[in-house]
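Undergrad: Dropping the sequence and predicted coords here.
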Amino acid sequence: MLFSRNAALASATLGLVFLVLFISPGEARAGNIAITGGSVSIGGAPRSIDAWANVGFSFSGNGFAASGGASDSGTQDIMSPCAFDPCQPGATVFPNSTTFLDGTGKGTFNGTTIPAWWLGRDSTLLFHGPGVTIPNSTDPTITLSSPFDMTGSIFVHSLDDVNHPVIFSTSISGSGLATLTLEFFPNLGPGGYIFSNVRYDFAPVPEPTTLLLLSSGLGGLALRYRRQRINK
């Protein structure tokens, strides 16, 4: 009898907990998600009020996707020489930035897509990569490329609610290739290039098993080539 009462009490308590969670659902939180496709772009017309004020993004990975963007969303934090003033050929420009997702768009997780509001300063992506040298050129526009690594935090706000609560959040990471665009300004001082925008294109990261198979295959080819040379 005592066992039955304890079991009934435990069942009732568990049911109450589930009822409270159902009535008052909290923010959903996921562990780190690897971004394997899509892109983020930031920039704006150099030497203007729009300089580094635009952001656009559409990227995905492991059941999660985010898209949106805004113009005049506040200055994106680009950390590179030549971002606001001209640099001469030979100077080094970097793809490094702290990018703030802003504007309206969509968020997808667990197969569900919802309208989303990106509120800037809480969804933050940190990009870092090696510098690239500006070549000796006077072309009006040049593009350079550099690999990058990214880490960040994502907060998906509801677009439908007046208070725009956070309904999903996660940390993310990824890597890929950054394309840097520079524009030539011949009449500013001695003349030179200003870094005007950057696009970060994400690439899939090979899984450890894939890397092992690749290295094994390359090792087999090398061994076969060596045996052929010895036989000859």
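TA: Cool, got the structure.

Undergrad: Residues in contact with stretch 80-91: which ones?
TA: 46-47, 51-52, 92-97, 131, 133-137, 182, 185, 188-195 (CB atoms under 8 Å, 6 or more residues apart in numbering). All C-beta atoms are positioned from the backbone trio N, CA, C, and that covers glycine.

Undergrad: same thing but 6 Å
TA: Contact partners of stretch 80-91, identified using CB atoms under 6 Å, 6 or more residues apart in numbering, comprise 93-94, 96, 134, 136, 185, 188, 192-195.

Undergrad: which of these count as buried?
TA: Neighbour-count burial (16 or more other CB atoms under 10 Å) applied to the contacts of stretch 80-91 gives 93-94, 96, 134, 185, 192-195.

Undergrad: Report how many residues lie close to Asn163.
TA: Using other CB atoms under 10 Å, Asn163 has 6 neighbouring residues.

Undergrad: cool, and Gly63?
TA: Gly63 has 12 nearby residues by other CB under 10 Å.

Undergrad: hmm, back to that, least confident of the contacts of stretch 80-91?
TA: Lowest pLDDT of the contacts of stretch 80-91: Leu188, 90.

Undergrad: ok, now which ones touch that residue?
TA: Neighbour list for Leu188: Pro86 [criterion: CB under 6 Å, 6+ apart].

Undergrad: Could you give the backbone dihedrals for it?
TA: Dihedral angles of Leu188 (phi, psi; degrees, to the nearest 10) stand at phi -100, psi 100.

Undergrad: again with Phe84
TA: When read as degrees, to the nearest 10, the backbone of Phe84 gives phi -130, psi -20.

Undergrad: What does the pLDDT read for it?
TA: 92.

Undergrad: So what's the residue count around it?
TA: 14.

Undergrad: What of Asp102?
TA: Counted with other CB under 10 Å, residues neighbouring Asp102 total 25.

Undergrad: In CSV, list the buried ones among the contacts of stretch 80-91 along with distance to Ile114 and secondary structure.
TA: Shown next, in CSV, are these (distance: CB to CB, whole Å; DSSP: H, G, I helix; E, B strand; the rest coil):
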residue, distance to Ile114, secondary structure
Val93, 38, strand
Phe94, 35, coil
Asn96, 32, coil
Ile134, 43, coil
Phe185, 43, strand
Gly192, 46, strand
Tyr193, 42, strand
Ile194, 39, strand
Phe195, 35, strand
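
Undergrad: Check those against Arg29 and report the nearest one.
TA: Nearest to Arg29 out of the buried ones among the contacts of stretch 80-91 is Asn96 (CB to CB; 28.1 Å).

Undergrad: Okay then, goodbye and thanks.
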